[in-house]
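Colleague: Next comes the sequence, and after it the predicted model I'd like to discuss.
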Amino acid sequence: MRAVQHLLAAVLLAVSFIAADAQTASPAGPTVPGASAPAARAPTPRAPAPRAAAPIHDGGFRIPGSFEPVAAIWLGFDRGHAAWTAAMVAALAPHVPLRFLVRDEATALEARDTLHDFGVDVQGLRFHVDAQAAFFLQDAAVFALDGHGRIGVVDLKWSGHGLAVWCERRHADDAERSAACANSLDRERDVLSRTIAAFAGARVIDTELHLEGGGVEVNGRGTLIANEALLRSRNPGWSRADLQRALLQLPGVRKVLWLPEGPAEDPHLRSTITGSYVGWGTGGHTDQFVRFADANTVLLAWVPEAQAAAHPVARMTRERMKRNLEILSRATDADGRPLRVVKVPMPRLLERPVMLSAQADTGYSEQWSPHDFPLDEERQDGDAVTQVAPASYLNYVVANGVVLLPDYTAHGTPPATQQKVR
């Protein structure tokens with residue numbers, strides 16, 4: 001399988017942006033850099049009413065492993081990420097059809113023009129329009145497949161990445177403000193998985209589980225790796241037994257392997273990691289730190305001892321990954337076979353200084369307010385903190401013989417480390 005370095009800026013977000021349509025592959029032709037822009041073509045009309053598809057429960061479906069062949073990859077578009085979206089499209093298009101979901105027709109036309117300006121052949125790209133379109137589409141839909149090649153979409157419930165739990169922690173002293181914070185959730189986003197299912201001609205597979213696609217890691221043969229901290233933050237009040245039952249109802253899942261938590265640099269939304277180090281993360285999406293490379297091989301993010309000794313956040317992550325390694329080393333898959341665990345070096349920590357400001361626009365990751373933190377932390381306007389990004393080599397993309405990897409050498413990761421990952 002060929003590895004392609006994805007020239008990725010130091011975006012301080014998890015790079016979670018794909019969902020596979022089906023197991024069977026149907027590669028597109030190669031891109032033609034510099035091709036002329038096509039005549040304006042109307043994007044695909046809006047999806048049929050998402051609720052029209054009758055929900056089913058499993059029905060012989062399974063969630064394929066991310067390493068299996070795919071029939072299409074879904075992408076979002078945002079002008080702030082246009083350059084690396086173009087690089088990604090150019091790398092993927094020869095291997096797999098690409099489908100974009102955007103908010104309106106104006107965005108679809110802008111995406112076509114922008115990608116063309118970056119030298120991408122846009123002729124083979126398909127655009128769909130829905131007002132609830134998001135940039136990180138992997139979190140919106142998890143695809144499944146049955147034995148007849150029919151596809152389904154698991155209708156995971158949207159929690160705003162566990163917003164209610166974050167609000168309760170942030171406003172622990174004020175129940176009214178905590179409730180108001182939790183009610184700011186964009187509830188219309190919850191139908192996005194059904195919208196994608198309608199566009200894809202997929203069946204809707206019902207579940208009561210609140211989770212995102214970045215937290216679903218399966219081997220396609222019955223085994224799922226779950227991050228307990230992540231699942232508890234999305235489903236407050238559920239016991240581990242409740243979570244276990246819900247996970248075992250996901251298509252094809254017969255066994256759950258529980259890991260306690262993910263990397264320290266991927267905290268739950270805006271949070272303190274330790275001391276003056278802060279982060280804005282998912283709370284431990286599994287696609288940041290543990291992936292199935294095949295049905296029996298698990299890749300685990302790993303912090304070298306020297307790196308851990310030099311930085312408190314890296315030290316926290318190393319301890320967490322050591323616990324995860326102990327669990328995985330003793331575990332077996334759904335068929336009773338031991339797993340092969342491979343340690344994958346993590347890049348050098350990405351960090352930047354930030355000054356807290358009560359006037360910060362916290363819609364931007366580089367702006368932070370003292371109001372982002374619980375009162376008992378006593379953060380003040382003007383305090384200096386260090387923001388750490390949830391960077392990982394395991395947030396890769398696989399598509400029919402090509403692997404796209406983030407490139408962190410420009411941010412201080414030794415080339416030898418990256419070459420080892422490749």
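Modeller: Looks like it came in fine. Numbering: from 1, shown residues only.
Colleague: which stretches of the stretch 51-200 of the chain aren't confidently modelled?
Modeller: Applying pLDDT under 70 to the stretch 51-200 of the chain picks out residues 51-59.
Colleague: and if we set it to 50?
Modeller: 51-56 (pLDDT under 50).
Colleague: quick one: the helices in it?
Modeller: 82-92, 105-117, 163-170, 175-182, 192-200 (DSSP state H, counting those that start in this stretch).
Colleague: which parts of the second one are buried?
Modeller: Within helix 105-117, the residues scored as buried using 16 or more other C-beta atoms under 10 Å are 107-109, 111-112, 114-116. In this view, the C-beta of every residue, glycine as well, is placed from N, C-alpha and C.
Colleague: now do the first one
Modeller: Using 16+ other C-beta under 10 Å as the burial criterion, the residues of helix 82-92 that qualify are 82, 84-92.
Colleague: Run the angle between that helix and helix 105-117 for me.
Modeller: With axes from the mean of the first three to the mean of the last three C-alpha atoms, to 10 degrees as the basis, helix 82-92 and helix 105-117 are set at 70 degrees to each other.
Colleague: and helix 82-92, C-alpha only, in CSV?
Modeller: Provided in CSV are the C-alpha atoms of helix 82-92 (Å, rounded to 0.1, in the frame of the first residue of the first chain):
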residue,chain,number,x,y,z
ALA,A,82,-9.0,24.9,1.0
ALA,A,83,-5.3,24.3,0.4
TRP,A,84,-5.0,21.0,2.2
THR,A,85,-8.5,19.9,1.0
ALA,A,86,-7.2,20.4,-2.6
ALA,A,87,-4.0,18.4,-1.8
MET,A,88,-6.1,15.6,-0.3
VAL,A,89,-8.5,15.5,-3.3
ALA,A,90,-5.6,15.3,-5.7
ALA,A,91,-4.2,12.4,-3.8
LEU,A,92,-7.5,10.5,-3.4
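Colleague: correct me, but residue 65 touches residue 218?
Modeller: Yes - between residue 65 and residue 218 there is a contact at 6.0 Å, judged by C-beta atoms under 8 Å.
Colleague: any common contacting residues for those two?
Modeller: Listed as contacting both residue 65 and residue 218 by C-beta atoms under 8 Å, 6 or more residues apart in numbering are residue 292.
Colleague: Look at those two and report which has more neighbours.
Modeller: residue 218 (25 against 20; other C-beta atoms under 10 Å).
Colleague: Quick check, the more buried one in contact with residue 255.
Modeller: No - the criterion here is C-beta under 8 Å, and residue 218 misses it with residue 255 at 10.2 Å.
Colleague: any common contacting residues for these two?
Modeller: Jointly contacting residue 218 and residue 255 under the rule C-beta under 8 Å, 6+ apart are residue 224.
Colleague: Please identify which helix or strand holds the residue nearest to residue 369 when sequence neighbours are not counted.
Modeller: Spatially, and ignoring its direct neighbours in sequence, residue 369 is nearest to residue 360 (4.3 Å; C-beta to C-beta, 6 or more residues apart in numbering). Here residue 360 sits in a region with no helix or strand, counting by DSSP states H and E.
Colleague: need the contact list for residue 360.
Modeller: 367-369.
Colleague: Can you tell me which of the residues you listed end up in helices?
Modeller: Among the contacts of residue 360, no member falls in helices (criterion: DSSP state H).
Colleague: Reformat those residues as TSV; add distance to residue 333, pLDDT and neighbour count.
Modeller: TSV is the format used below for these (distance: C-beta to C-beta, whole Å; pLDDT from 0 to 100; neighbours: other C-beta atoms under 10 Å):
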residue	distance to residue 333	pLDDT	neighbour count
367	44	95	15
368	42	97	22
369	45	97	16
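Colleague: nearest to residue 338, of those?
Modeller: Residue 338 lies nearest to residue 368 out of the contacts of residue 360, by C-beta to C-beta, at 44.4 Å.
Colleague: Contacts only, for that closest one.
Modeller: 270, 278, 354-357, 360, 362, 385, 387.
Colleague: Can you name the element that comes right after the host helix or strand of residue 300?
Modeller: Using DSSP H and E, residue 300 falls within strand 297-302. Counting by DSSP H and E, the element after strand 297-302 in chain order, helix or strand, is helix 305-310.
Colleague: The biggest helix by length in the chain - contacts with which helices or strands?
Modeller: Longest helix in the chain, counting residues (DSSP H): helix 312-330. Packing contacts for helix 312-330, counted by 3 or more C-beta pairs under 8 Å, 6 or more residues apart in numbering; DSSP states H and E, involve strand 255-259, strand 268-274, strand 297-302, helix 305-310, strand 340-345.
Colleague: Not counting its own residues, what contacts it?
Modeller: 257-265, 273-275, 277, 289-290, 298, 300-303, 305, 307-309, 339, 341, 343, 346, 349, 388.
Colleague: check contacts around the residue lying closest to residue 159 once chain neighbours are set aside.
Modeller: Distance criterion C-beta to C-beta, 6+ apart; nearest residue to residue 159, sequence neighbours excluded, is residue 210 at 4.2 Å. Residues near residue 210 by C-beta under 8 Å, 6+ apart: 156-159, 162, 234-235.
Colleague: Redo these as CSV? Include distance to residue 71 and neighbour count.
Modeller: Listed next are those as CSV, based on distance: C-beta to C-beta, whole Å; neighbours: other C-beta atoms under 10 Å:
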residue, distance to residue 71, neighbour count
156, 21, 24
157, 26, 15
158, 25, 24
159, 29, 22
162, 31, 24
234, 29, 25
235, 31, 20
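Colleague: any chance of the residues you listed in a markdown table, with distance to residue 398 too?
Modeller: Shown next, in a markdown table, are the contacts of residue 210 (distance: C-beta to C-beta, whole Å):
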| residue | distance to residue 398 |
| --- | --- |
| 156 | 21 |
| 157 | 27 |
| 158 | 25 |
| 159 | 27 |
| 162 | 27 |
| 234 | 25 |
| 235 | 28 |
